[in-house]
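Engineer: Based on what follows, work out the 3D shape:
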Amino acid sequence: MAAQAVVVSSFSRFRRVSASQLQPVSAGLRRSYSQDGSVSQYLHRSLVPTMHYQKSLPRLPIPKLEDTIRRYLNAQKPLLNDDQFRKTEQLAVNFRNGIGRELHEQLVAQDKQNKHTSYISGPWFDMYLRARESVVLNFNPFMAFSPDPKAEYNDQLTRATNMTVSALRFLKTLRAGLLEPEVFHLNPSRSDTQAFKRFIRFVPSSLSWFGAYIVNAYPLDMSQYFRLFNSTRLPKRNKDELFTDEKARHLLVLRNGNFYTFDVIDRDGNIMKPSEIQAHLKYILSDNSAAPAFPFACLTTENRDSWASLRQELLDSGNEEALRKVDSAIFCLCFDDSPVKDLVHLSHTMLHGDGSNRWYDKSFNLILTSDGTAAIHFEHSWGDGVAVLRFQNEVFKDSTQSPAVTPQSQPAAVDSSMAVQTLTFKLNDTLKEGITKAKQKFDATVKRLTVEILEFKRGGKEFLKKQNLSPDAVVQLAFQMAFLQQYGQTVATYESCSTAAFKHGRTETIRPASVYTKSCSEAFVREPFKRSTAELQHMMAECSKYHSQLTKEAAMGQGFDRHLFGLRYLGESTGMPLPDFYQDQAYAQINHNILSTSTLSSPAVTMGGFAPVVPDGFGIAYRVHDNFIGCSVSSYPARNVHEFLQCVHKSLDDMFNVLEGKHISKG
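Structural biologist: Numbers count the residues shown, from 1 in each chain. Next up, the predicted model:
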């Protein structure tokens, strides 16, 4: 398999989302629908069935233990002094030759008995669902939609209606098996053609992947897609559960902390008329009900065990039917009554909001502010960003090119007061106290979060590729330089990479901090005037080459993080005492990811964001555009995000100067 085919960085951190490369949103034909005519039920009708490749996807490989230990030690070198490294190296060698070998052989044997899945899938679900921290900030990221190119379509009601209808078309297309399979095309002129699709649809599913591989096309795993809709993470003591009810036909809408539901699919399984959906949403937007004194949605911001206890209290208090409506809804649409002021405000709004107008446990929340700014905020345990970004691309494309309603469309003359149900919850004193505490805790936490934005406008992807450098490697190098400049050290750094080219693949970690980035950063930061421009250019090229190698290895399932995680999980599940290797301070340190980074690229997305994964870390979402580089960085008070971004800008400036043959600027 060509490694490049699956080199896809994810919008994810230790648990964040991957993003596959998709067709431009400008592709496709414009369609129009009459207001009361039959709305198109599908986005498209794929010649190739949606899950056609799933059966024959290659299995995620378990790396050789020797390779994992070698890669692990290479990643530790820039983080440790000589004495620390020697100790860690000895522990790693002992592990490789002893208990690690036994665990590896058990893992391989177990994997051979479970050919329907990957060795990481079960443990990874377990890791997410056993986590007891709040899902807000600790796990859930957001991705903001680009504005509709036609400004008048960004009206809140118009856009909400169009996006809802497009989302329902996606649902129908997916469930009918008509959604185009997710495929990475290395040679689209051969593989992304009607002729090839007509051929491959008749190749048996057990062989279809090989048929695609022959023409340099790489189908991606689509097993997570079914959790996109009608799904919720339910809080349980010790370990949460994922709940999905595909029979439910209603939408959940939150506005001003109030809960509403109405059917968007009729009894025959068809999407309701857009004019009716528009009428019901207009009714909700015009409802003057006050915000609840006890904002019920805040419960989903709580520690998972606390929330589990309060949920049981809710059930015992007669709220089972209302909760079932929330949990089984197709998705959650959130109306915010205020506009977005700027990109920083957008980040705070979409990443956490005020805690009262999101159901953070839902597979995703589609958020629309009063000025029509839209974003997806999603819960992470059920899957990674491959499904979410594909969904976001399709919704953007369909809602902008084939809008179900126009700004001039009139809502249907229906009695929305009969169709729209307002959910009420019976709250006793225990629940009221629980909601109050959850809100107080949430407010205190988000108050500590700072988000800042950087746009570096000297150049981007086009310029860096002309220099034969990986744009991703250069931006990652800038983060290393910036942290060294600000704090004088090299620290554990995480970049997520999708392994969706394999059956039930999740993510693997790219470790951008290397001996190459450390020496290059020190040259730029500590002794820039002792090095010639040619020397610095050469060091950048070495960093780029090594980063590209790490990226390809990760995409091929040949990193070290997931393998070591799987071995540890296996040992713990059998009651084995924790091996010395995992008790090493250096192992804890490399998994304390101070720089947590993730990138994605899509014309449907303006930006994304997430919080740091550790209290003294940075959460870095970035995009390398053709002609500029954008970063959204978050931190808690332990770090100065403003100063960090100044250092990132200085680092990029210095590198661009060097690449243009200029001297590094002072200061």
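Engineer: can we go C-alpha only for contacts and neighbour counts from here?
Structural biologist: OK.
Engineer: Neighbours of Ala195, how many?
Structural biologist: Each residue near Ala195 was counted by other C-alpha atoms under 10 Å, and the total is 10.
Engineer: what about it, which SS state?
Structural biologist: Three-state assignment for Ala195 (DSSP: H, G, I helix; E, B strand; the rest coil): helix.
Engineer: That one and Ser46, how far apart?
Structural biologist: 13 Å (C-alpha to C-alpha, to the nearest Å).
Engineer: swap in Asn640?
Structural biologist: 49 Å.
Engineer: One more: Leu79?
Structural biologist: Computed as C-alpha to C-alpha, the Leu79 to Ser46 distance reads 49 Å.
Engineer: Between those two, which has more neighbouring residues?
Structural biologist: Leu79 (21 against 15).
Engineer: quick one: contacts for the more buried one?
Structural biologist: 490-492, 590 (C-alpha atoms under 8 Å, 6 or more residues apart in numbering).
Engineer: low pLDDT regions in this structure?
Structural biologist: Low-confidence segments of the chain (pLDDT under 70): 1-39, 666-667.
Engineer: Tell me the helix or strand right after whichever strand or helix holds Thr509.
Structural biologist: Assigned by DSSP states H and E, Thr509 falls within strand 507-510. Note on strand 507-510: by DSSP H and E, the next helix or strand toward the C-terminus is helix 515-526.
Engineer: what comes up buried for that following helix?
Structural biologist: 515-525 (16 or more other C-alpha atoms under 10 Å).
Engineer: Include distance to Leu207 when you put those residues into JSON lines, please.
Structural biologist: Shown next, in JSON lines, are those (distance: C-alpha to C-alpha, whole Å):
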{"residue": "Val515", "distance to Leu207": "43"}
{"residue": "Tyr516", "distance to Leu207": "42"}
{"residue": "Thr517", "distance to Leu207": "42"}
{"residue": "Lys518", "distance to Leu207": "45"}
{"residue": "Ser519", "distance to Leu207": "47"}
{"residue": "Cys520", "distance to Leu207": "46"}
{"residue": "Ser521", "distance to Leu207": "48"}
{"residue": "Glu522", "distance to Leu207": "51"}
{"residue": "Ala523", "distance to Leu207": "51"}
{"residue": "Phe524", "distance to Leu207": "51"}
{"residue": "Val525", "distance to Leu207": "53"}
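Engineer: Quick check: can you name the pairing partners of the strand holding Thr509 and their directions?
Structural biologist: strand 493-498 (antiparallel) (DSSP bridges).
Engineer: measure Thr88 to Phe581 for me?
Structural biologist: Taking C-alpha to C-alpha, one finds Thr88 at 8 Å from Phe581.
Engineer: Ok, Leu366 next?
Structural biologist: 43 Å.
Engineer: Who has more neighbours out of these two?
Structural biologist: Set side by side, Leu366 and Phe581 show more neighbours around Leu366, with 24 against 21, by other C-alpha under 10 Å.
Engineer: Quick check: beta-bridge partners of that one?
Structural biologist: Beta bridges link Leu366 to Leu333, Ile376, judged by DSSP bridges.
Engineer: quick one, what contacts it?
Structural biologist: The contact partners of Leu366, by C-alpha under 8 Å, 6+ apart, come to 331-334, 374-377.
Engineer: mind running it again at 7 Å?
Structural biologist: Neighbouring residues of Leu366 by C-alpha atoms under 7 Å, 6 or more residues apart in numbering: 332-334, 375-377.
Engineer: Quick check: the farthest pair among those residues?
Structural biologist: Greatest spatial distance among the contacts of Leu366 (C-alpha to C-alpha): Cys332 and Ala375, at 12.0 Å.
Engineer: Flag every buried residue along the host helix or strand of Ser189.
Structural biologist: Following DSSP H and E, one finds Ser189 within helix 188-191. Buried residues in helix 188-191, counted by 16+ other C-alpha under 10 Å: Ser191.
Engineer: before we move on, what about stretch 402-412?
Structural biologist: By neighbour count on 16+ other C-alpha under 10 Å, the buried set for stretch 402-412 is 402-406, 411-412.
Engineer: hey, C-alpha coordinates of that stretch in CSV?
Structural biologist: C-alpha atoms of stretch 402-412 as CSV (Å, rounded to 0.1, in the frame of the first residue of the first chain):
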residue,chain,number,x,y,z
SER,A,402,-29.0,22.9,-3.3
PRO,A,403,-30.8,24.9,-0.5
ALA,A,404,-34.2,23.5,0.5
VAL,A,405,-35.5,27.0,1.3
THR,A,406,-34.6,30.6,0.2
PRO,A,407,-34.6,33.8,2.2
GLN,A,408,-37.9,34.6,0.5
SER,A,409,-39.5,31.2,1.3
GLN,A,410,-42.5,31.4,3.5
PRO,A,411,-42.9,28.8,6.3
ALA,A,412,-45.8,26.4,5.9
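Engineer: 577 is where my numbering starts, stick with that
Structural biologist: In the new numbering, first residue 577, that becomes stretch 978-988.
Engineer: how distant is it from the center of its chain?
Structural biologist: Mean-position distance between stretch 978-988 and its chain equals 31 Å (C-alpha atoms, centre = their mean, to the nearest Å).
Engineer: likewise stretch 913-930?
Structural biologist: 18 Å.
Engineer: Check which residues of that stretch are buried.
Structural biologist: 915-916, 920, 922-930.
Engineer: can you tell me which of these lies nearest to Ser616?
Structural biologist: Relative to Ser616, the closest of the buried residues of stretch 913-930 is Met926; by C-alpha to C-alpha it sits at 30.1 Å.
Engineer: coming back round to it: make a markdown table from the contacts of Leu942 and add distance to Tyr695 and neighbour count to it.
Structural biologist: Compiled in a markdown table, the contacts of Leu942 are given as follows (distance: C-alpha to C-alpha, whole Å; neighbours: other C-alpha atoms under 10 Å):
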| residue | distance to Tyr695 | neighbour count |
| --- | --- | --- |
| Cys908 | 32 | 29 |
| Leu909 | 35 | 26 |
| Cys910 | 37 | 25 |
| Ala951 | 33 | 28 |
| Ile952 | 30 | 25 |
| His953 | 28 | 28 |
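Engineer: and Met739, how many neighbours?
Structural biologist: 26.
Engineer: typed the wrong thing, it's Asp659
Structural biologist: 9.
Engineer: Now do the buried residues in the helix or strand containing it.
Structural biologist: Element membership for Asp659, per DSSP H and E: helix 658-673. By neighbour count on 16+ other C-alpha under 10 Å, the buried set for helix 658-673 is 661, 664-665, 667-669, 671-672.
Engineer: Pull out the buried residues from stretch 876-893.
Structural biologist: In stretch 876-893, counting by 16+ other C-alpha under 10 Å, buried: 876-884, 886-887, 889-890.
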